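Q: can you look at this prediction? I've put the sequence above it.
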Amino acid sequence: MPSTSTETRVRYAETDQMGVAYHANYLVWCEMGRTDFIRHHVRSYADLERDGIALAVSDARVRYHAGARYDDLVQIETTLTAVRSRALVFDYRITRQPDGAQLATATTTLVSIDREGKVTAMPAALRAKLTTVIG
């Protein structure tokens, strides 16, 4: 399945007293990867929102394998694994560069919501476009 790759450096503010990236930052990195994936394969998330399309995280799971430290170069590989009528599922592999050490794997599920925040069917055109991405 097609994936996108996003890189970021661990900022000092993202670390704890031990100099290790705080666990919640991995979800922020997943968001970075996900928005880059959507931008690359569809268009910017901001454009989708302007058209009334919103996606909200309904489930997030992270498995930590090793810690990232201040100034490490982190790569987030993002893959769309499922497109449903009301939801998308993304998988992530977060590694340290240049050695490729696996830091975390994660999965998020996003649901399509309307302007009132109620779960709704994803627009057919968006669903079709994303379905072609995963083949």
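A: Ah, there it is. Being a predicted model, the structure only gives us computed values, none of them experimental.
Q: correct me if wrong: Thr81 contacts Phe90.
A: Yes: judged on CB atoms under 8 Å, Thr81 makes contact with Phe90 at a distance of 6.8 Å. Quick note: C-beta positions are derived from backbone N, CA and C, even for glycine.
Q: now do the shared contacts for those two.
A: Between them, Thr81 and Phe90 share these contacting residues under CB atoms under 8 Å, 6 or more residues apart in numbering: Thr107.
Q: so between these two, which is more surrounded?
A: Applying other CB atoms under 10 Å to Thr81 and Phe90 shows that Phe90 carries more neighbours, namely 23 against 13.
Q: contacts only, for the more buried one.
A: Phe90 makes contacts with 30, 33-34, 37, 78-81, 107-108, 110, as judged by CB under 8 Å, 6+ apart.
Q: what about it, which SS state?
A: At Phe90 the chain is in strand, as set by DSSP: H, G, I helix; E, B strand; the rest coil.
Q: all helices of this protein, in order?
A: Using DSSP state H, the helices of the chain run over 25-41, 45-50, 124-134.
Q: can I get the ones you listed in CSV with mean neighbour count?
A: CSV is the format used below for the helices of the chain (neighbours: other CB atoms under 10 Å):
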stretch, mean neighbour count
helix 25-41, 20
helix 45-50, 13
helix 124-134, 14
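Q: quick one: closest of the ones you listed to Thr4.
A: Between Thr4 and these, the shortest gap by CB to CB is with helix 25-41, which sits at 4.5 Å.
Q: please report how far the closest residue to Ala87 other than its chain neighbours lies from Cys30.
A: Among residues not flanking Ala87 along the chain, Val111 sits closest, at 5.0 Å (CB to CB, 6 or more residues apart in numbering). Distance of Val111 to Cys30, computed by CB to CB, to the nearest Å: 16 Å.
Q: residues contacting the residue minimising distance to the centre of the chain?
A: In the chain, the residue lying closest to the centroid (CA atoms, centre = their mean) is Arg34, at 3.0 Å. Applying CB under 8 Å, 6+ apart, we find Arg34 in contact with 78, 90, 92, 108, 110.
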